[in-house]
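J.: what follows is a predicted structure for the sequence shown.
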Amino acid sequence: MSKLAALPSVEKLAAALAPDIPLPRPLINLFIRREIDRFRQLLLADEEHSRESVEAAIKSGLREFANSRLQPVINATGVLIHTNLGRSPLGPRAASALQTIATGYSNLEFDLPSGTRGKRAGYLETALACLLETEAATAVNNCAAALVLTLRTLVAEGKNEVIVSRSELVEIGGGFRIPEILETSGAKLVEVGATNKTHLRDYQKALTPQTALILKVHRSNFYLEGFVGEPEIQEIAKVAHDHGIPLVEDLGSGAMINTDELAPIEHEPTPQECLRRGIDLVIFSGDKLLGGPQSGIIGGSAKLIAQIKKEPFFRAVRCDKLILTTLQESIDQYLETKADPTQSDVPVLTFLRTETHALKERARAIIAALPGLEAQITIAETLARPGGGTMPRSEFPSIALKITPRDQSIPKLAKKLRLGTPAIVGYTTDDALFLDLRTVFPDTDHAVTGALKATLSS
């Protein structure tokens, strides 16, 4: 084992995998030790493996392990909010604030005027309420936590029934389902309506003295068409309020501005709209259309928000200083650019509103810098998507580099780009590799050019 760990080839591989941040030697040793133990068990089971095959397997495994380390990726998929690639990137203002706060001390829970212990997130909560045009707001570390926390707060012993339309019993990311989340919170699910139609009378019939709340779940990652129908939010709100129970909506994406004004896509309901229609509490993500850090935002009734913050589980899911900092800067920027949202530097909003002619100019410049390669590179008109479970029906025009290599397979070329520095992730279709420029930051075009030169040179 020690001889194998000291092989020069392994040392060279480790150095080549991460030249800027080398793999720590203890990690290399641990990985090799585990692989040797695994092969020892295989040999004891009468499987034959030569020293060369063992060494090759360890090299390959070590390379895969190194590439699993969190690292920058150029998203050339055309999917703006790509869950697997980190959802929405932060804007430069939020990123700069993050560096400043993360590398020093801060007044996280310290009141500077009095010199005594202060209130965590007091400024952020006021700014959130201002942006949402509502009484109060707070934030936790992700949207699922926000939903569980809200349910735990509003569901009590003897009053634990939560009414949900069958058309909204969705599965969200990671395989989590609304019924399972309800169960985790101690709530009892009461399903109403049918998959395609839910009537107001369905909600009315389901109300009992044990009803804790009515929950609406925005269908953000799928859609229903055809013989479908549901009552207006205002109608459901009246039923809920007439019986003294809250109406809560898990909105999912959290668009702060009208999406249909930025791009030729459908309108995504904003939290402000939902609250004006009678929702008591709205819940949404901070790292989707909002373009901030991973977080779950809860806004609405001051009385209900106060109850939520008193729930002991709130401490388990509260935001740390890094989330608070980036979310605070993101919200401040929305407030400052409210009159003209196009002035915001939130990347996902910039990607949405970028005109295709600008993308085409960038594509021409990249192709012009790549003469004589072993590939055919052309400009293709494609369709980009919001992603992240947002507006599943929406697609809008985009521009991509269409690459057809001459001396290697398309999967091989795609893998080479994924394993480069920085990694570039595109998509393959119609016997070609596509790199959609809508989701590629303009200042990384040179990196795309360099990567294509390296992987397609004769």
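T.: Yes, it's here.

J.: output stretch 385-396 as CSV, nothing but the C-alphas.
T.: Output of stretch 385-396 as CSV, limited to C-alpha atoms (Å, rounded to 0.1, in the frame of the first residue of the first chain):
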residue,chain,number,x,y,z
ARG,A,385,-35.0,28.2,-20.2
PRO,A,386,-35.3,29.8,-16.7
GLY,A,387,-34.7,26.5,-14.9
GLY,A,388,-34.7,25.8,-11.2
GLY,A,389,-38.4,24.7,-11.4
THR,A,390,-39.3,28.1,-12.5
MET,A,391,-41.8,28.7,-15.3
PRO,A,392,-41.6,25.2,-16.8
ARG,A,393,-43.4,26.2,-20.0
SER,A,394,-41.1,29.2,-20.7
GLU,A,395,-38.5,29.1,-23.4
PHE,A,396,-37.0,32.1,-25.1
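
J.: what's the mean pLDDT across it?
T.: Summarised as a single mean, pLDDT over stretch 385-396 is 79.

J.: now do the buried residues in that stretch.
T.: Within stretch 385-396, the residues that count as buried by 16 or more other C-beta atoms under 10 Å are 385-391, 394, 396. Where C-beta positions appear, they are placed from N, C-alpha and C, glycine not excepted.

J.: ok, so of those, who is nearest residue 101?
T.: Minimum distance to residue 101 across the buried residues of stretch 385-396 is 26.0 Å, recorded for residue 388 (C-beta to C-beta).

J.: give the closest residue to the closest one in space, chain neighbours not counted.
T.: Leaving out its chain neighbours, the residue that sits closest to residue 388 by C-beta to C-beta, 6 or more residues apart in numbering is residue 81, at 3.0 Å.

J.: in which helix or strand would I find residue 234?
T.: Using DSSP states H and E, residue 234 sits in helix 233-242.

J.: average pLDDT for that helix?
T.: Mean predicted lDDT for helix 233-242 stands at 95.

J.: start at 28 instead
T.: Got it, first residue is 28 now, which makes that one helix 260-269.

J.: elements contacting that helix?
T.: Contact here means 3 or more C-beta pairs under 8 Å, 6 or more residues apart in numbering; DSSP states H and E; on that basis helix 260-269 packs against helix 227-233, strand 238-244, strand 274-279.

J.: how about a cut-off of 6 Å?
T.: In terms of contacts (3 or more C-beta pairs under 6 Å, 6 or more residues apart in numbering; DSSP states H and E), helix 260-269 is packed against helix 227-233.

J.: contacting residues around the helix it packs on?
T.: With C-beta atoms under 6 Å, 6 or more residues apart in numbering as the test, helix 227-233 has contacts from 190, 217, 219-220, 258, 262-263, 266.

J.: need the max-distance pair from these.
T.: Every pair of those checked by C-beta to C-beta; the farthest is 217 and 262, at 18.2 Å.

J.: quick one, which of those two is more surrounded?
T.: More crowded of residue 217 and residue 262, by other C-beta atoms under 10 Å: residue 217, with 20 against 15.

J.: what's opposite the closest residue to residue 331 other than its chain neighbours in the beta bridge?
T.: Of all residues beyond its chain neighbours, the one nearest residue 331 is residue 308 (5.5 Å), with distances taken as C-beta to C-beta, 6+ apart. Bridge pairing for residue 308 (DSSP bridges) gives the partners residue 275, residue 327.

J.: ok, residue 308 - contacts?
T.: So residue 308 contacts 275, 327, 331 (C-beta under 6 Å, 6+ apart).

J.: and of those residues, the nearest to residue 440?
T.: residue 275 (48.2 Å).

J.: neighbours of the closest one, just the number please.
T.: Neighbours around residue 275, by other C-beta under 10 Å: 26.

J.: now it: how far from residue 327?
T.: Going from residue 275 to residue 327 by C-beta to C-beta, to the nearest Å gives 8 Å.

J.: ok, now residue 240?
T.: Applying C-beta to C-beta, the value for residue 240 to residue 327 is 12 Å.

J.: of those two, which one has the most company?
T.: The neighbour count for residue 240 versus residue 327, taken as other C-beta under 10 Å, is higher for residue 327 (27 against 24).

J.: what residue ranges in the stretch 128-277 of the chain are flagged as low confidence?
T.: For the stretch 128-277 of the chain, the stretches with pLDDT under 70 are 199-202, 247-253.

J.: what ranges do the helices span in it?
T.: 149-159, 170-181, 205-211, 227-233, 260-269 (DSSP state H, counting those that start in this stretch).

J.: thinking again about what came up before, contact partners of the helix holding residue 261?
T.: With C-beta under 6 Å, 6+ apart, helix 260-269 has contacts from 227, 230-231, 241, 274, 304-305.

J.: which of those residues has the largest number of neighbours?
T.: Busiest of the contacts of helix 260-269 [other C-beta under 10 Å] is residue 241, holding 27 neighbours.

J.: contacting residues for the residue positioned nearest the centre of the chain?
T.: The centroid of the chain falls nearest to residue 114 when counting by C-alpha atoms, centre = their mean (3.2 Å). By C-beta under 6 Å, 6+ apart, the residues touching residue 114 are 108, 314, 415.

J.: the last one reaches residue 315, doesn't it?
T.: Translated: residue 415. Yes: taking C-beta atoms under 6 Å as the definition, residue 415 is a contact partner of residue 315 at 4.8 Å.

J.: now list whatever residues contact both of the two.
T.: Joint contacts of residue 415 and residue 315 (C-beta under 6 Å, 6+ apart) are residue 108.

J.: all strands of the stretch 78-227 of the chain, in order?
T.: 100-102, 106-108, 137-138, 143-144, 163-167, 188-192, 215-219 (DSSP state E, counting those that start in this stretch).

J.: typo on my end, the stretch 378-485 of the chain
T.: 402-414, 423-432, 450-452, 454-456, 459-463.

J.: quick one: end-to-end distance for stretch 354-373.
T.: For stretch 354-373, the first-to-last residue distance is 12 Å (C-alpha to C-alpha, to the nearest Å).

J.: list of residues touching it?
T.: 118-121, 124, 151, 154-155, 158, 283-284, 313, 318-320, 322.

J.: among the residues you listed, which are in helices?
T.: Applying DSSP state H to the contacts of stretch 354-373, the entries found in helices are 119-121, 124, 151, 154-155, 158.

J.: what's stretch 385-400 in contact with?
T.: Counting by C-beta under 6 Å, 6+ apart, 404, 406, 426, 428, 464, 472, 476, 479, 483 sit against stretch 385-400.
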